[in-house]
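> Here is my input, please return the structure:
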Amino acid sequence: MDVPGVSGAKKLASMGRGPAITIADSGIIASAVVNRKIQAIADAASIPFQMKLPGGGGTDAAAYQPAGQGVLVGVMAVPVRYIHAPLSMLRPSDVDATIRLATAFVRDAGSLL
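Residues are numbered from 1 along each chain as shown. Below is the predicted model:
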């Protein structure tokens with residue numbers, strides 16, 4: 001998702017700026033209520049984050065969103081360079097921020113609706 005030499009609107013996310021919160025990908029449009037909650041939690045805890053612009057790729061959330069009568073989905077990810085190569089790169093600070101944000105979200109998810 002972090003690709004060297006790519007900038008501007010073509011760059012989906014960047015290493016070193018915290019977890020990437022997906023707006024949309026090839027399989028989902030993230031639930032606005034979930035994304036707002038993730039952002040509010042990140043802001044309250046001073047956890048850096050970035051919004052991942054729509055682009056290629058997808059996640060398992062695509063299998064959950066249409067389940068039953070529909071499921072609210074949101075995706076947060078650690079920005080990684082060379083994601084499908086045998087060896088990827090990441091920043092430990094992004095991993096730490098993603099863990100902190102995911103943990104805080106799970107603790108507070110009951111108040112989502």
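
> and the helix ranked longest in the chain, what other elements does it pack with?
In terms of residue count, the longest helix belonging to the chain (DSSP state H) is helix 92-108. Under the contact definition 3 or more CB pairs under 8 Å, 6 or more residues apart in numbering; DSSP states H and E, helix 92-108 sits against helix 32-44, strand 76-77. Just so you know, the C-beta spots here come from the backbone N, C-alpha and C atoms, and that holds for glycine as well.

> isn't Ala61 right up against Ala24?
No. Applying CB atoms under 8 Å as the test, Ala61 and Ala24 come out as separate, 10.6 Å apart.

> which residues are in contact with both of the two?
Ala30 (CB atoms under 8 Å, 6 or more residues apart in numbering).

> To what extent is Asp94 buried, counted in neighbours?
Using other CB atoms under 10 Å, Asp94 has 25 other residues around it.

> what do you get for Arg107?
10.

> go on, Ala24?
Count around Ala24 with other CB under 10 Å applied: 14.

> what's it in contact with, if anything?
Per CB under 8 Å, 6+ apart, neighbours of Ala24: 30, 54.
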